[in-house]
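> Here is my input; please provide its structure:
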Amino acid sequence: MGDGSQDGGALGIARKGSVVAHVVRLDTEAAQQMLQAGASLVTNPRSNMAYGAGLCGASGTSVALGTDGLDNDLLAEARAYFLRHSEARDGLARETGMRVAAGQELAGQLFGDGGPPRIVPGSRADLVVLDYQAMTPLSPSNVIDHLARGWTAAHVRDTMVGGRFVVRARPPRPRRRFTAVGAHAGKHLTARALIRVGFSRYVPAQAWTRVPRAACGFPRAHVGGTSSGNHDVH
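You can find the predicted model right below:
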């Protein structure tokens, strides 16, 4: 698609059931016209960043996430969306959860479910269970932070498709251990323990590059209590 609001509205190409991908060359007005016509928009932030294609500024409950065939990892896509729009300061980072929910609803429409996804008897039993030990307590007020900063495909324990497990009791990742330095030399600490007490007390600055990036998912200001053993349904 070219640039300008006339592409979606004046040409009348959008209708109920249309799926429009990327949407980086449409202005906000044109994108809203397509949404009002019943179309779903799918943004692909990692692909767009890789090719320098631009940023999708569309907002709403019918704007979903796509991977553009990159690796089919929607959790990684959600994280990229959150970070890219946080950097852009356009207010869309707070809609990260909405992007994931829109994708679930779009999939339901395409498969003829006739309604939004719900965990109730008679609904399509497509579920993913995450074995996720939160570094901060999970609550409705911070679930988007956990989605965007914490959850990864590596946390997937079970996957159910149509009521049948296709992956069950996937072994968890091994816990990396680190040797403390200075006053606590000789002690072995997990990445979780390092984060709880703060890197600066145990790891010299020159050693930070050796700490797995997964251990750096939350800013120190967010570090607090832990809740272990929770299995969160995504």
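
> So the protein: which segments form each domain?
Annotated domains of the chain cover 1-116, 177-224 [automatic domain parsing].

> Flag whichever of those domains has the least confidence on average.
Lowest mean pLDDT of those: domain 177-224, a mean of 46.

> quick one: the helices in this protein?
With helices called from DSSP state H, the chain shows them at 28-36, 45-51, 74-88, 96-110, 143-145, 191-197, 199-202.

> Could you list the buried residues of stretch 155-168?
The neighbour-count check on stretch 155-168 (16 or more other C-beta atoms under 10 Å) flags 155-158 as buried. All C-beta atoms are positioned from the backbone trio N, CA, C, and that covers glycine.

> now the end-to-end length of it.
End-to-end distance of stretch 155-168 (C-alpha to C-alpha, to the nearest Å): 12 Å.

> what does stretch 117-134 give?
Stretch 117-134 end-to-end distance (C-alpha to C-alpha) = 25 Å.

> which residues of this protein fall in strands?
19-21, 40-43, 63-65, 127-131, 156-161, 164-167, 177-179, 188-190, 231-233 (DSSP state E).

> which one of those has the most crowded surroundings?
strand 40-43 (a mean of 25; mean count of other C-beta atoms under 10 Å).

> related to what we said a few turns ago, which of the buried residues of stretch 155-168 sit farthest apart?
Pairwise distances across the buried residues of stretch 155-168 (C-beta to C-beta) peak at 11.0 Å, for the pair H155 and D158.

> dump the residue contacts of N142.
Listed by C-beta atoms under 8 Å, 6 or more residues apart in numbering, the contact set of N142 reads T136.

> at 10 Å instead, please
Contacts for N142 (C-beta atoms under 10 Å, 6 or more residues apart in numbering) come out as 134, 136, 149-150, 222.

> In JSON lines: these, plus neighbour count and distance to Q104.
Formatted as JSON lines, these follow (neighbours: other C-beta atoms under 10 Å; distance: C-beta to C-beta, whole Å):
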{"residue": "A134", "neighbour count": "18", "distance to Q104": "22"}
{"residue": "T136", "neighbour count": "17", "distance to Q104": "25"}
{"residue": "R149", "neighbour count": "19", "distance to Q104": "21"}
{"residue": "G150", "neighbour count": "23", "distance to Q104": "19"}
{"residue": "H222", "neighbour count": "13", "distance to Q104": "27"}
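
> Return the member of these nearest to P117.
For the contacts of N142, the residue nearest P117 by C-beta to C-beta is G150; the value is 21.9 Å.

> Which pLDDT value belongs to D126?
88.

> how about the nearest residue to it, chain neighbours excluded?
Spatial nearest neighbour of D126, chain neighbours left out: V161 (5.6 Å); criterion: C-beta to C-beta, 6 or more residues apart in numbering.

> any idea how far A134 is from that neighbour?
In this view, V161 and A134 are 26 Å apart by C-beta to C-beta, to the nearest Å.
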